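>>> When you get a sec, could you give me coordinates for this:
(4 chains)
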Number of protein chains: 2
Amino acid sequence: MQKSPPSSPLDLSVDNVVFGFDGENLNVLLIRQGAPVDGFDESKLQMAIPGDLVGTDEDLDESAKRILAELTSLKGIYLKQFKTFGNPNRVFGLKDQAWLRVFRANPERRVVTVGYYSLVSVEEFKPTPASFASQAKWWPIDELPTLAFDHNAIVSEALSTLRSALNDKHIAFELLPEKFTLSQLQRLHESVLERPLDKRNFRKNMKRMESLIPLGEKQDGVLHKPAQLYTYKK
Amino acid sequence: MQKSPPSSPLDLSVDNVVFGFDGENLNVLLIRQGAPVDGFDESKLQMAIPGDLVGTDEDLDESAKRILAELTSLKGIYLKQFKTFGNPNRVFGLKDQAWLRVFRANPERRVVTVGYYSLVSVEEFKPTPASFASQAKWWPIDELPTLAFDHNAIVSEALSTLRSALNDKHIAFELLPEKFTLSQLQRLHESVLERPLDKRNFRKNMKRMESLIPLGEKQDGVLHKPAQLYTYKK
DNA sequence: ACAAAAGTGTTGGAGATACACCCATGA
DNA sequence: TCATGGGTGTATCTCCAACACTTTTGT
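Below you'll find the predicted structure:
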């Protein structure tokens, strides 16, 4: 073995698939890919999942957290690495050329990206108009537009990962508001798993986990029998 | 958003954790970290898992395959990405300085590595003295020396991944020779899971999977009742 | 009274666990 | 004949799936 040849430069990014549940459907948080800039045709701005280049001395998990916070003002949420995407041409599609040339210092450079997914409750995060996050918006997962780069593929891999994680872990609770009903929890599971679940069996299963805590309170303002509220304490 | 700052150069590598089962214990394939070179104190050569920098236009899976083949002559095996390691200082430990300066074109550069694991049968791969792989050697997983960089951590994460994969997939068969006995298969499961399994229950489970095929043959040359041989056909 | 979702138990089948003895071979 | 691992069956329990009606509230 001799010295490895000087490798050609390569950029590393992270991309975050942020799932949000609104009580009804599973959503993904999308941003406009870079804010409008003079001399750039805005129609060329695609939707994308929030991601950016990893900082010079930044650990990956750190970087994912920072970038998500910068682009969406989301903090302190469950964030998990699930797969690294390294197709040498993943950023070089025709649709992505214009953006790269405007927004990247080295548009010709290969970009490898580390995929993370995260989970929040739509209730607890409404994109705020005044910030960087002004462009962030929830999209129902089955109505996603064509996204920048290979982001559609990244989202669908994240979804499979989430689906299998849901079976043995308790991550679903990250997707709900602090107080929630069992029906909301069930609808969440159904959206993720894409199949209907039996109400009685579902409740049986949930109720025997100790981290699911019934509050004394009930829903109100609903036009039907008010449900018991629960919370989650790990 | 303005142009991202020119990011400082960064190298990308892949590292392969190759698990091998010898009928008794679970092993990991280690290599000497780079062949001896004039003017380099051989005592500075550490053991490492086989990995190297990703090629300029190479996809990650491809790269993992190529590098594994180059360093160990292993081809056509199960190879799966499991996690990317990006601690900014992961290659800058004291113990790794000397090697980096001799073998890497850019020893000061941060290296992010994509971890893969793979599975082979020790029976079917004995490192051959004549090749690049001359330095490759099996080590029992519970007696690993201190490895280069963060390779010990990479191995232990790979092991957890393997352990959970074993439950629902059929990957164990990659670790056995073409013909094997049920006891060997059981010992393999036990080494990976690190707990004893009941013989009758284990056999019941295995026998009802159709890809496990009993051959007409029996072991011989053993000093006990010879066992039925099986093979695996997916 | 009606509409809408909340809430509640039982049964049957499948799969997991626990457990102990006889068998075939080589030395 | 002895030592060594190979090979086999049954009973119990737990987990999962299927399934329909009554209750509480707001209008």
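
>>> Could you report the separation of A:A105 from A:D52?
12 Å (C-beta to C-beta, to the nearest Å). No exception for glycine: its C-beta is placed from N, CA and C like everyone else's.

>>> These two: which is more packed in?
Neighbour totals were compared for A:A105 and A:D52, and A:D52 leads with 21 against 13 (other C-beta atoms under 10 Å in any protein chain shown).

>>> Would you confirm that A:R163 belongs to a helix?
Yes - membership of A:R163 in a helix is supported by DSSP: H, G, I helix; E, B strand; the rest coil.

>>> Tell me who's in contact with it.
With contact taken as C-beta atoms under 8 Å, 6 or more residues apart in numbering or on different chains, A:R163 is in contact with A:192-194.

>>> cutoff 6 Å now
A:V192 (C-beta atoms under 6 Å, 6 or more residues apart in numbering or on different chains).

>>> what's the answer for A:K137, then?
A:L30.

>>> and if you look at A:L94?
Counting by C-beta under 6 Å, 6+ apart, A:L94 makes contact with nothing.

>>> Torsion angles phi and psi at A:R187?
Here is the backbone geometry of A:R187 (degrees, to the nearest 10): phi -60, psi -40.

>>> Tell me, what's the model's pLDDT at whichever residue of chain A sits closest to DNA strand D?
Across chain A, no residue is closer to DNA strand D than A:K225, which sits at 2.7 Å (C-beta to the nearest atom of the strand). What the model reports for A:K225 is a pLDDT of 95.

>>> Now for A:D96, which secondary structure element holds it?
helix A:94-103 (DSSP states H and E).

>>> Apologies, that question was intended for A:F92.
Per DSSP H and E, there is no helix or strand for A:F92.

>>> Now do the strands in chain A.
Listed in chain order, the strands of chain A (DSSP state E) span A:10-21, A:26-32, A:47-48, A:51-53, A:78-85, A:110-121, A:137-140, A:212-218, A:228-232.

>>> could those go into a markdown table alongside distance to B:L74 and mean pLDDT?
Shown next, in a markdown table, are the strands of chain A (distance: least, C-beta to C-beta, whole Å; pLDDT from 0 to 100):
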| stretch | distance to B:L74 | mean pLDDT |
| --- | --- | --- |
| strand A:10-21 | 26 | 96 |
| strand A:26-32 | 39 | 93 |
| strand A:47-48 | 39 | 94 |
| strand A:51-53 | 34 | 95 |
| strand A:78-85 | 22 | 94 |
| strand A:110-121 | 24 | 94 |
| strand A:137-140 | 44 | 92 |
| strand A:212-218 | 47 | 91 |
| strand A:228-232 | 46 | 95 |
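
>>> Format those strands as CSV; extra columns: distance to DNA strand D.
Output for those, formatted as CSV (distance: least, C-beta to the nearest atom of the strand, whole Å):
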stretch, distance to DNA strand D
strand A:10-21, 21
strand A:26-32, 21
strand A:47-48, 36
strand A:51-53, 36
strand A:78-85, 23
strand A:110-121, 22
strand A:137-140, 26
strand A:212-218, 7
strand A:228-232, 11
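
>>> With respect to DNA strand C, which of those lies nearest?
Across the strands of chain A, DNA strand C has its closest neighbour in strand A:228-232 (3.3 Å, C-beta to the nearest atom of the strand).

>>> Contact distance from DNA strand C - what residues of chain A qualify?
Contact residues (C-beta under 7 Å from any atom of the strand) of chain A with DNA strand C: A:181-183, A:199-201, A:203-204, A:218, A:223-228.

>>> of all the residues you listed, which comes closest to B:F125?
A:N201 (47.4 Å; C-beta to C-beta).

>>> Would you mind splitting chain A into its domains for me?
A:10-172, A:177-232 (automatic domain parsing).

>>> Could you tell me the end-to-end distance of the shortest one?
Read it as domain A:177-232. 10 Å (C-alpha to C-alpha, to the nearest Å).

>>> same deal with the first one?
Between the opening and closing residues of domain A:10-172 we find a distance of 36 Å, counting by C-alpha to C-alpha.

>>> just stretch A:218-230 next, same as before
Across stretch A:218-230, first to last residue, C-alpha to C-alpha, it's 9 Å.

>>> remind me which residues of chain A are low pLDDT?
Where chain A drops to pLDDT under 70, the residues are A:1-7, A:35-44, A:127-134.

>>> ok, A:S121 to A:N152 distance?
24 Å.

>>> so A:L60 makes contact with B:P88?
No - using C-beta atoms under 6 Å, A:L60 makes no contact with B:P88, being 9.3 Å away.

>>> number of nearby residues for A:R200?
With other C-beta under 10 Å as criterion, A:R200 counts 8.

>>> Same question for A:S121.
20.

>>> Also A:V54?
27.

>>> okay, now the residue nearest to A:V112 when sequence neighbours are not counted: neighbour count?
Spatial nearest neighbour of A:V112, excluding adjacent residues (C-beta to C-beta, 6 or more residues apart in numbering or on different chains): A:G86 at 4.4 Å. A:G86 has 25 neighbouring residues, counting by other C-beta under 10 Å.

>>> likewise A:L53?
22.

>>> Please apply the same query to the one 3 residues further on.
By the criterion of other C-beta under 10 Å, A:T56 has 12 neighbours.

>>> residue contacts, it?
B:S8.

>>> give me the number of residues near the nearest residue to A:E178 once chain neighbours are set aside?
Of all residues not flanking A:E178 in the chain, A:T231 sits nearest, at 5.9 Å (C-beta to C-beta, 6+ apart). Counted with other C-beta under 10 Å, the neighbours of A:T231 add up to 16.

>>> A:E210 too?
Neighbour number of A:E210 under other C-beta under 10 Å is 8.

>>> Tell me the spacing between it and A:V192.
On the measure of C-beta to C-beta, A:E210 and A:V192 end up 22 Å apart.

>>> Contact partners for A:D150?
A:D150 neighbours (C-beta under 6 Å, 6+ apart): A:R90.

>>> hmm, 8 Å instead?
A:D150 touches A:85, A:87, A:90-91, counting by C-beta under 8 Å, 6+ apart.

>>> which residues does the residue nearest to A:E178 bridge with?
A:I213 (DSSP bridges).

>>> Is it in contact with A:L215, as I believe?
Yes - at 5.8 Å, A:T231 counts as touching A:L215 under the criterion of C-beta atoms under 8 Å.

>>> what's the overlap in contacts for these two?
Common neighbours of A:T231 and A:L215 (C-beta under 8 Å, 6+ apart) are A:K179.

>>> Report the contact partners of A:K65.
By C-beta under 8 Å, 6+ apart, the neighbours of A:K65 are A:75, A:79.

>>> Now do the buried residues in stretch A:81-96.
A:81-88, A:90-91, A:96 (16 or more other C-beta atoms under 10 Å in any protein chain shown).

>>> which one among those residues gets closest to A:D22?
For the buried residues of stretch A:81-96, the nearest to A:D22 is A:F82 (22.7 Å; C-beta to C-beta).
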